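Peer 1: Quick one: sequence and predicted model below, then my questions.
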Amino acid sequence: MVSVLLLVGIAVAVFVGYNIGGSSTGVAFGPAVGSRITGKTLAAVLFTGFALLGGWTVGREVVTTMGGEIVPSSQFTLVASVVVLFFTGLSLLISNLFGVPASTSMTAVGAIVGLGVVTDSLNETVMFGIVSAWIVAPLVAFWAGVVIGRYIYPHLNARISFGRLENGLLRLDRSGTIPRPVLQEGATTRDLVGAAVVLLVACYNAFSAGASNVANAVAPLIGSNAITVEQGVLIAVGAMAIGAFTIARRTLDTVGDGITDLPILAAILVSLVAATIITILSNLGIPASLAVSMTSCIIGLGWGRSSRSVTLTDAAGSAIEGEGRPDFSVSALAAEGGDDGGPPAGPTVGDLATAEAPTGSSPTAASSGGVPKIGEEEPDELPTDDLFDAAATGRIVTMWLLTPTVSALGSYLV
C-alpha cells in the first residue's frame, strides 16, 4: 500500500511539474523564440538546464520552507502529501481551463495551509512572512516598472533596437571543409549582442523558475521523507522538462506571436526585475509567484510610460487645486486574445513602443537618440489606446485568488 501511495504521489508531483514547465518555458523564452533568436527545442533544453541549476541551488531553501516550516514535517504523512499535491494540481488545472496563468506557489502553499489548519499545526509566523512577501513583491515590481517606464525605458528604446530575425540569427556555412556558424544575411554584430542579452535574460528567468517552483511539485513528498531533496529536485525538473518539450510549444507560440505587442526591450526589463525579486525571495526560502511580479511590473511600466506627459510638479499642483487632472491613461498590458474570444495569454504593453523606435517621438528624434523631456510629450502622442482590459485583468486576479482558495479548501476538507 505504501508503494502504491508513493507511486501515486510521484505521479501527481509529475503532473504538477509538467504544468509548471509548460507555462514557465513560454514566459522565460517567449521573447527569444518570437524574435527568431532560438528555436523551441533549444529553448526547452536551455530551460531544463537552468531550471535544474536554480532548483538544485537556491530552490532547496524553498523546499525547506514548504516541506517542514509552514507545517511540521511530521504532518506530511504519505496520504497527506498525496492529498496536498492532488489539490495543487487540480487547482492549476482549473486555472488552465480558464486560460489564466495561476500562481503555482500560492496554490501549493494554499494546499499546505489547508493541512495545517485542520491539524492545528500551521506556523502562523512563517505564514505571516510569506503573505507579507506576496504583498510587498508585486508592489516593488510595480513601482520599479513605473520608474523604468517613466525615466529609463524611453531613453533605452531610442538607442537600442531589437527586431525579429525572420531567418534566424545564425546559419551554417558549408563552403569549407568543416561547417561553421556565421551570421545570417542582414544580421549585424549589434543583432548578435542583442540576441546574447535576450538569451541571457531568458536563462536567468529559467533559473528563477526552477528556484521558486521545484518545491511546489515535490515539497510534501520530501517533507514526508518519502524521497530525498536530491530525488525531489530531479523528479520536479524532469517533469518540467517534459512540459517544456511538449505543451510549452503552444505557450511559446502565444508569447512569441505577441512580441509586437510586448516589445523585446520591455520584455527584457520586466523579466530582469521579476526574476531578481523571485530569486531573492527564493534564497530567503519564501515561495513567491514569478507571474504576479512580472504582471505587476508590466502594468507599472505602461503606467510610467503614459505618465510622461506631465511633470510631478504639475501633477501635484493639479491634485491640490482639483483642476485639470492630467490624463495618465493607465497604459498597462491588455491580456491577449480579446478580439477572437480566445483566452488571454497574459498582459502586453501594446503599442507602448515598437521594436524599432519609441512611440511618441519623431523618427528624427529616435534616430538621433533624442527623447522629449517629461512634460513635453503630448498625451495624444503617448499610448492612449484601450491597452488595459479591465475584464481580462479582473479574470486574472480572480483566478489568482481562487486557485489557492480551492486548493486550501479541498485539502482541508479531505
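Peer 2: That came through, no problem. Numbering: from 1, shown residues only.

Peer 1: Now do the helices in the stretch 101-250 of the chain.
Peer 2: For the stretch 101-250 of the chain, the helices defined by DSSP state H, counting those that start in this stretch occupy 104-118, 124-147, 153-159, 189-223, 229-245, 248-257.

Peer 1: Just checking the distance from the fifth one to the centre of its chain.
Peer 2: If I follow you right, that is helix 229-245. Relative to its chain's centre, helix 229-245 lies at 19 Å (CA atoms, centre = their mean, to the nearest Å).

Peer 1: that older thread, relative to Ala32, which of the helices of the stretch 101-250 of the chain is closest?
Peer 2: Closest approach to Ala32 among the helices of the stretch 101-250 of the chain (CB to CB): helix 189-223, 4.8 Å. C-beta here means a position set from N, CA and C on the backbone, and glycine is covered the same way.

Peer 1: could you give the mean pLDDT of the closest one?
Peer 2: Across helix 189-223, pLDDT averages out at 89.

Peer 1: Repeat that for stretch 299-311.
Peer 2: Summarised as a single mean, pLDDT over stretch 299-311 is 78.

Peer 1: got the buried residues for it?
Peer 2: Residues of stretch 299-311 classed as buried by neighbour count (16 or more other CB atoms under 10 Å): Ile299, Gly300, Leu301, Gly302, Trp303, Gly304, Arg305, Ser306, Ser307, Arg308, Ser309, Val310.

Peer 1: where in the protein is pLDDT low?
Peer 2: 1-2, 96-102, 161-167, 254-262, 310, 312-370, 372, 375-396 (pLDDT under 70).

Peer 1: sec struct for the residue minimising distance to the centre of it, please.
Peer 2: The chain has Ala291 as the residue nearest its centroid, 3.7 Å off, counting by CA atoms, centre = their mean. Using DSSP: H, G, I helix; E, B strand; the rest coil, the secondary structure recorded for Ala291 is helix.

Peer 1: Give the closest residue to Ile20 in space, chain neighbours not counted.
Peer 2: Counting by CB to CB, 6 or more residues apart in numbering, Ile20 lies nearest to Asn213, which is 4.8 Å off, once chain neighbours are set aside.

Peer 1: my read: that neighbour touches Ser24, true?
Peer 2: Yes. Asn213 lies in contact with Ser24 (CB atoms under 8 Å); the separation is 6.5 Å.

Peer 1: which residues are common contacts for these two?
Peer 2: With contacts taken as CB atoms under 8 Å, 6 or more residues apart in numbering, Asn213 and Ser24 have Ala51, Met240, Leu290 as neighbours in common.

Peer 1: which residues sit in contact with the first one?
Peer 2: Remark: with contacts taken as CB under 8 Å, 6+ apart, Ala51 is in contact with Gly21, Ser24, Ala206, Phe207, Ala209, Gly210, Asn213, Val214, Val237, Met240, Ala241.

Peer 1: and the gap between the residue nearest to the fifth one when sequence neighbours are not counted and Ala44?
Peer 2: Taking CB to CB, 6+ apart, and ignoring the residues beside it in sequence, Ala209 has Ser24 as its nearest neighbour in space, at 4.1 Å. For Ser24, the distance to Ala44 under the criterion CB to CB, to the nearest Å works out to 11 Å.

Peer 1: need the strands for this protein, in chain order.
Peer 2: Along the chain, counting by DSSP state E, strands occupy 170-173, 180-183.
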